[in-house]
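**Student:** sequence and predicted structure are below.
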Amino acid sequence: MSHPAPYPVRLADEITRQLGQLADHLSQLPPPQAAQVIARVLDPDSGVLGGVTHLVATGSVFAKDQAERGALPAQVWLALGRASNELHDITLDLDEHNDALQHVSTQPATTAAKPPVPAPLVVRRRR
C-alpha cells in the first residue's frame, strides 16, 4: 500500500498545477488584465517570482546544511545558491518595469482606428 504524499509535496504539486492554469488564462486575457496579472506575478515582495526566489534561497540554506553533513554534494548547494542569486537579480531587473505594467493595466481596452506603432525590440546580452 502506498503512502500519500506529505502535505508540502502536495502543496508544491498544487502550486505547479495552478501556475499552469494561470499561464493558460494569461494567454487569453485582454491586454490590461494580462498586464495586471504579470505585474502581480513579478512583484518582488508579494508576487510569484519573489516567492519562488525566496523558496530557492531557502532551499539553498537547506542544501548547504546537508552538504556540510555530507548528505548532498556541495555542487547542489552551489547550484541552488547561484540560482537564488540569479533569480534575485532578475527580480530586480523586472521590478524596473513595474510602472509600465501598471500603466498598461489601467488603460481601458479600446478599439483604435489606427493601430499603435510597434516599438523596435532591443536585445540585451548579459554576458
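**Tutor:** Received the coordinates, thanks.
**Student:** find me the pLDDT at the residue nearest the centre of the chain, would you?
**Tutor:** Centroid-nearest residue in the chain: Leu49, 2.9 Å away (criterion: CA atoms, centre = their mean). Leu49 carries a pLDDT value of 95.
**Student:** what secondary structure does it sit in?
**Tutor:** helix (DSSP: H, G, I helix; E, B strand; the rest coil).
**Student:** need the contact list for the residue nearest to His97 when sequence neighbours are not counted.
**Tutor:** In this structure, His97 finds its nearest non-sequential neighbour in Leu42, 7.9 Å apart by CB to CB, 6 or more residues apart in numbering. Every residue, glycine included, has its C-beta placed from N, CA and C. By CB atoms under 8 Å, 6 or more residues apart in numbering, the residues touching Leu42 are 48-49, 91, 94-95, 97-98, 101.
**Student:** from Glu86, how far out is Leu42?
**Tutor:** Applying CB to CB, to the nearest Å, the value for Leu42 to Glu86 is 15 Å.
**Student:** what's near enough to touch Ser46?
**Tutor:** Arg40.
**Student:** please shift the residue numbers so they start at 598 in all later answers.
**Tutor:** Got it, first residue is 598 now, which makes that one Ser643.
**Student:** who's in contact with the worst-scoring helix or strand of the chain on mean pLDDT?
**Tutor:** Using mean pLDDT, DSSP states H and E, the weakest-scoring helix or strand in the chain turns out to be helix 695-702, at a mean of 88. The set of residues external to helix 695-702 that reach it, using CB under 8 Å, 6+ apart, is 628-630, 632-633, 635-636, 639-640.
**Student:** mind redoing it with 7 Å?
**Tutor:** With contact meaning CB atoms under 7 Å, 6 or more residues apart in numbering, helix 695-702 is reached by 628-629, 632-633, 635-636, 639.
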